[in-house]
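Novice: quick one: sequence and predicted model below, then my questions.
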Amino acid sequence: MAIRLELPRTLAPRLQMHWHGAQAGLRRQFRTARTFAARTTATARQWVQGLADSVVARIGLRARAALRHLARLDAFEARYDDLVDLLCWAAKDGIHTDRDARYAELRAWMCVHYRPYSPRLRPYWQEPGAAALANACDPFETLFRCDNVDDFINDADGIAHLMRTRLALDEYRAALGSRLPPATSR
């Protein structure tokens, strides 16, 4: 007959079982942390990319808008130059038959097409102290306000108005050019 004694289990299999359980738990936690980190960085990366895309799009939209304004300004400035040339030519050479008809044509065009440019050009021709004056004299309107060329030529401030308008157009063009990115500017 054999004597059976209840011997305690060996400690090694118990420790091995706890060790495998701890390893499995740590693997699950590492996988969860890795998945969370991947999701978080992907979300952050998408957010940063979206932000960068919107900034680039806004800059692109502003640049395209500035290019459109410059193209329209070119057309306006061509007619403005025609008007100034006619006024200077009439002041220098005197009476000619074509000048009154040409002035009437340019005057009619400017009366229609100057209105959209008036608020944009106002900051460039208006003196800082005259900002409070609601009825400040618009130098552009003085160019085509007169009914005939002789009235403008005989105006004492005609040349001053011509100079103010030219400076205002140049400053407005420079301001539009500064809105363009360096590769697009003219």
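Specialist: All right, it came through fine. Numbers count the residues shown, from 1 in each chain.
Novice: tell me the contacts of Ser118?
Specialist: By Cβ atoms under 8 Å, 6 or more residues apart in numbering, the residues touching Ser118 are Asp138, Phe140. C-beta here means a position set from N, CA and C on the backbone, and glycine is covered the same way.
Novice: can you tell me how far the closest residue to Cys88 other than its chain neighbours sits from Leu121?
Specialist: Residue nearest to Cys88 in three dimensions, not counting chain neighbours: Leu162, with 7.8 Å by Cβ to Cβ, 6 or more residues apart in numbering. From Leu162 across to Leu121, the span is 14 Å (Cβ to Cβ, to the nearest Å).
Novice: check Trp19 too.
Specialist: Taking Cβ to Cβ, one finds Trp19 at 82 Å from Leu121.
Novice: which of these two has more neighbours?
Specialist: Between Trp19 and Leu121, counted using other Cβ atoms under 10 Å, the more crowded position is Leu121 (21 against 10).
Novice: does that one touch Asp170 like I think?
Specialist: No - Leu121 is beyond contact range of Asp170, at 10.9 Å (criterion: Cβ atoms under 8 Å).
Novice: so the residue nearest to Cys88 is in which element?
Specialist: Assigned by DSSP states H and E, Leu162 belongs to helix 158-178.
Novice: name the residues that touch that helix?
Specialist: 66, 69-70, 73, 77, 80, 84, 87-88, 91, 120-121, 124-125, 139-140, 142-143, 152, 155, 185-186.
Novice: buried subset of these?
Specialist: 66, 69-70, 73, 77, 80, 84, 87, 91, 121, 124-125, 139-140, 142-143, 152 (16 or more other Cβ atoms under 10 Å).
Novice: among these, which ones are in helices?
Specialist: Counting by DSSP state H, the buried ones among the contacts of helix 158-178 place 66, 69-70, 73, 77, 80, 84, 87, 91, 121, 124-125, 139-140, 142-143, 152 in helices.
Novice: quick check: phi and psi at the residue most central in space within the chain.
Specialist: The residue lying closest to the centre of the chain (Cα atoms, centre = their mean) is Arg62, at 3.1 Å. Dihedral angles of Arg62 (phi, psi; degrees, to the nearest 10) stand at phi -60, psi -40.
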